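Enquirer: Kindly generate the corresponding structure for this input.
(2 chains)
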Amino acid sequence: MNPKTAQKIAFSLLFIVTLLIIVPVLLIVFIIVKEGASAISWEFLFTAPKDGMRAGGIFPAIVGTLSIVLCAIAVTLPMGVMAAIYLNEYAKDNLLTRIIKLSIVNLAGVPSVVYGLFGLAVFVMFLKMGVSIIAGALTLSIMELPVIITTSRNALNSVPQSFREASLSLGVSKWQTIRHVVLPNALPGIMTGAILSIARISGETAPILFTAAAFYVPHLPRSVFDQVMALPYHLYIISTQIPNMPANITYGTALVLLVLVLAMSLAAISMRIYFRKKKKW
Amino acid sequence: MLSRNFTDSLIEKLIFACGFAAIILVSLIFFFLLREGLGFFAQYNIKEFISGHFWYPTSKPAGFGILPLIMGSLFVTLGAAVIAVPVGVMAAFYISEVAPVAVRDILKSGIELLAAIPSVVIGFIGMVTLVPLVRVIFDIPTGLSAFSGALMLAFMAMPTIVSISEDAIRSVPGTYKEGALALGATKWQTMYRIILPAAAPGILAAVMLGIGRVIGETMAVMMITGNAAAIPDTIFDPVRTMTATIAAEMGETVKGSMHYKGLFAIGLVLFVITFIINFIADSFLNRVKK
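Expert: Down below sits the predicted model:
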């Protein structure tokens, strides 16, 4: 076969295969928006479920998810950024650093349900926090730690070395240099990573199954030691455990979760594009 | 007021501690899984656990053989890999080498979008769209099968496989490509004769990480594969994976019972499997860097 023809056929094939991934993504979003839009109303967003979930709204689940996620990010973001500073600015290339890096890689690969087991064993049982917002949030924060470390490290790494040298040559201490020169320049990258992480943990179900989520709690959480309903868990429950569930409520719940997650992801992605254009180096 | 030197060194100590936290956490996870899991193996034969054919955790006498669950995970994972690896690698080539810049940005955003969709949403959509479709097309009693799970998981592994393969392809030195093109090779010949072999270690790492993601996936798989803890004969049988078993049963166990500990033992098996996969993938990636 003529190499030119072969190339044409091959490239078309590659294009079609790529569409095989992209088209279903759009289809999923389209189906959920189309079927779920009719369920969205003031009442749906701001009241509790009724009639064994078959009517009413999903307000407690929304509040529950937000509280778990905010607690989780409050723990994981400072810890992750500091670990990233250590790895990027302080760590020497020795065995210890290699072990730390390997641990992070492995932490990133642990299945989410195993994090759930860990959270159950440590936070719920061993530290006696019970099934609660705080236990779920800590579980999620550990799960998200490697992601935060990796994205923050990339952000720190992209700050040019000359910035650090200029500051150090003026007699500024190492930490002051990091604090006033490196961090401000890495901040957009770190924030983008943080928002993507918030989006990701908002949709996580398995880690909170036995650490935070409750089937049905009609009132809002009063403290971090309360069990809560959570959006992803609620979607799992109503789509598998409840017979005769009105379809539009299930789709509506999926839509709210999807909008929450995608809005944050899109915000992070556009932020990244914006700062990439603005960057001077 | 505290001296600047003092606060500086305090903050630096905190930063070192956070660096070590990663090692401590990995050891802690292993320790707690081991603590609960070993209690299980003290009372139950480990060989019986791995090779037993029956997972009857609540009957008397109870059976804790996880072979059906291992087979379930294996069927779903292999099925997903067979689909996801060629599709993902081809898409990565298209995105990094063929697509015009504008198209590439759209495709990459689409894949990022996919990565952001929660697994429970994908599971739900799979239940209402894919599962009935599979049942009708293959004329089987239920569409809740290993096959549906494999399809869905292949889809979910795409962001990992595509983005890491793409990095590998992009890190092939431009001179390789220019050399081939200068000798009169077409773009396509350059891609599969030069770039593919040069990027192979990175692509292998992408595949390993994708498989790691598939083995660990829980919610979608629990909703789609039918949850039958029996050794499957074909890929169209309902199965139950290790992850789904933990997620589905932990809520109903008595804390501290054999069933509870048995689920931790499964978690331990999963931890070890993913640890090995990540270790290998990481060594491939390190080789790429050198």
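Enquirer: residue contacts, the residue in the stretch 1-150 of chain A that chain B sits nearest to?
Expert: Ranked by Cβ to the nearest Cβ, the top residue of the stretch 1-150 of chain A for proximity to chain B is A:Pro111, at 2.7 Å. From N, CA and C alone the C-beta is placed, and that goes for glycine too. By Cβ atoms under 8 Å, 6 or more residues apart in numbering or on different chains, the residues touching A:Pro111 are A:206, B:215-218, B:243, B:270-271, B:274.
Enquirer: what's the closest non-adjacent residue to whichever residue of the stretch 151-290 of chain B sits closest to chain A?
Expert: Chain A sits closest to B:Gly216 of the stretch 151-290 of chain B, with a gap of 2.7 Å, by Cβ to the nearest Cβ. Nearest residue to B:Gly216, sequence neighbours excluded (Cβ to Cβ, 6 or more residues apart in numbering or on different chains): A:Pro111, at 2.7 Å.
Enquirer: Quick check on the one you found: phi, psi?
Expert: phi -60, psi 150 (degrees, to the nearest 10).
Enquirer: Secondary structure element for the residue nearest the centre of chain B, which one?
Expert: Closest to where the C-alpha atoms of chain B average out (Cα atoms, centre = their mean) is B:Arg213, at 1.3 Å. Using DSSP states H and E, B:Arg213 sits in helix B:196-216.
Enquirer: Any buried residues in that helix, and which?
Expert: Applying a neighbour-count criterion of 16 or more other Cβ atoms under 10 Å in any protein chain shown, one finds B:196, B:198-199, B:201-216 buried in helix B:196-216.
Enquirer: What ranges does the stretch 51-200 of chain B have for its helices?
Expert: With helices called from DSSP state H, counting those that start in this stretch, the stretch 51-200 of chain B shows them at B:67-93, B:101-116, B:119-125, B:131-138, B:146-170, B:174-182, B:187-189, B:196-216.
Enquirer: If you compare the directions of the fourth one and helix B:146-170, what angle comes out?
Expert: It stands for helix B:131-138. Here the directions of helix B:131-138 and helix B:146-170 differ by 100 degrees (axes from the mean of the first three to the mean of the last three Cα atoms, to 10 degrees).
Enquirer: Could you list which residues are in contact with the residue lying closest to B:Leu114 once chain neighbours are set aside?
Expert: Excluding the flanking residues, the one nearest B:Leu114 by Cβ to Cβ, 6+ apart is A:Val25, at 4.6 Å. Neighbour list for A:Val25: B:110-111, B:113-114, B:117 [criterion: Cβ under 8 Å, 6+ apart].
Enquirer: just A:Glu43 next, same as before
Expert: A:56-57.
Enquirer: what about it, which helix or strand?
Expert: A:Glu43 belongs to helix A:42-46 when assigned by DSSP H and E.
Enquirer: same deal with A:Glu165?
Expert: Going by DSSP H and E, A:Glu165 is part of helix A:161-169.
Enquirer: these two touch, right, A:Leu258 and B:Val121?
Expert: Yes. Contact status for A:Leu258 versus B:Val121: in contact at 5.8 Å, counting by Cβ atoms under 8 Å.
Enquirer: ok so, going back, need the contact list for the residue of the stretch 151-290 of chain B closest to chain A.
Expert: B:Gly216 touches A:109-114, B:243, B:270, B:274, counting by Cβ under 8 Å, 6+ apart.
Enquirer: hmm, back to that, of all the helices of the stretch 51-200 of chain B, which lies closest to A:Arg98?
Expert: With Cβ to Cβ as the measure, helix B:196-216 is the member of the helices of the stretch 51-200 of chain B nearest A:Arg98 (17.0 Å).
Enquirer: Render the CA-only coordinates of the closest one in PDB, please.
Expert: C-alpha atoms of helix B:196-216 as PDB (Å, rounded to 0.1, in the frame of the first residue of the first chain):
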ATOM      1  CA  LEU B 196       6.000   4.100  19.800                       C
ATOM      2  CA  PRO B 197       9.100   2.100  20.600                       C
ATOM      3  CA  ALA B 198      10.800   5.100  22.200                       C
ATOM      4  CA  ALA B 199       7.700   5.900  24.300                       C
ATOM      5  CA  ALA B 200       7.100   2.300  25.200                       C
ATOM      6  CA  PRO B 201       8.200   2.400  28.800                       C
ATOM      7  CA  GLY B 202       6.100   5.400  29.600                       C
ATOM      8  CA  ILE B 203       3.100   3.800  27.800                       C
ATOM      9  CA  LEU B 204       3.600   0.700  29.800                       C
ATOM     10  CA  ALA B 205       3.500   2.700  33.000                       C
ATOM     11  CA  ALA B 206       0.300   4.300  31.800                       C
ATOM     12  CA  VAL B 207      -1.200   0.900  31.200                       C
ATOM     13  CA  MET B 208      -0.200  -0.300  34.600                       C
ATOM     14  CA  LEU B 209      -1.600   2.800  36.300                       C
ATOM     15  CA  GLY B 210      -4.800   2.400  34.300                       C
ATOM     16  CA  ILE B 211      -5.100  -1.200  35.500                       C
ATOM     17  CA  GLY B 212      -4.400  -0.100  39.000                       C
ATOM     18  CA  ARG B 213      -7.300   2.300  38.700                       C
ATOM     19  CA  VAL B 214      -9.600  -0.400  37.400                       C
ATOM     20  CA  ILE B 215      -8.800  -2.900  40.100                       C
ATOM     21  CA  GLY B 216      -9.500  -0.300  42.800                       C
END
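Enquirer: does any part of the following helix or strand past that helix sit near chain A?
Expert: As assigned by DSSP H and E, the chain's next helix or strand after helix B:196-216 is helix B:219-224. Yes. Contact of helix B:219-224 with chain A (Cβ under 8 Å from any Cβ of the partner chain) involves B:219, B:223.
Enquirer: which residues sit against helix B:219-224?
Expert: Under Cβ under 8 Å, 6+ apart, the answer for helix B:219-224 is A:205-206, A:232, A:236, A:239-240, B:76, B:118-120, B:122-124, B:126-127, B:130-131, B:144, B:148-149, B:152-153, B:156, B:241, B:243-244, B:247-248.
Enquirer: Next, the buried residues of the helix holding A:Glu43.
Expert: A:Phe44.
Enquirer: tell me the mean pLDDT over it?
Expert: Helix A:42-46 carries an average pLDDT of 89.
Enquirer: For the stretch 151-290 of chain B, which residues are neighbours of chain A?
Expert: So far as Cβ under 8 Å from any Cβ goes, the stretch 151-290 of chain B lies against chain A at B:155, B:158, B:162, B:186-189, B:192, B:209, B:212, B:215-219, B:223, B:243, B:246-247, B:250-251, B:255, B:263-264, B:267, B:270-271, B:274-275, B:277-279, B:281-282.
Enquirer: Which of those are buried, as a ChimeraX select command?
Expert: Per 16+ other Cβ under 10 Å, the buried members of these correspond to this ChimeraX selection:
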select /B:155,158,162,186,187,188,189,209,212,215,216,217,218,219,223,243,246,247,250,263,264,267,270,271,274,275,277,278,281,282
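Enquirer: what's A:Thr211 in contact with, if anything?
Expert: Contacts of A:Thr211 by Cβ under 8 Å, 6+ apart are A:116, A:119-120, A:123-124, A:131-132, A:135-136, A:139.
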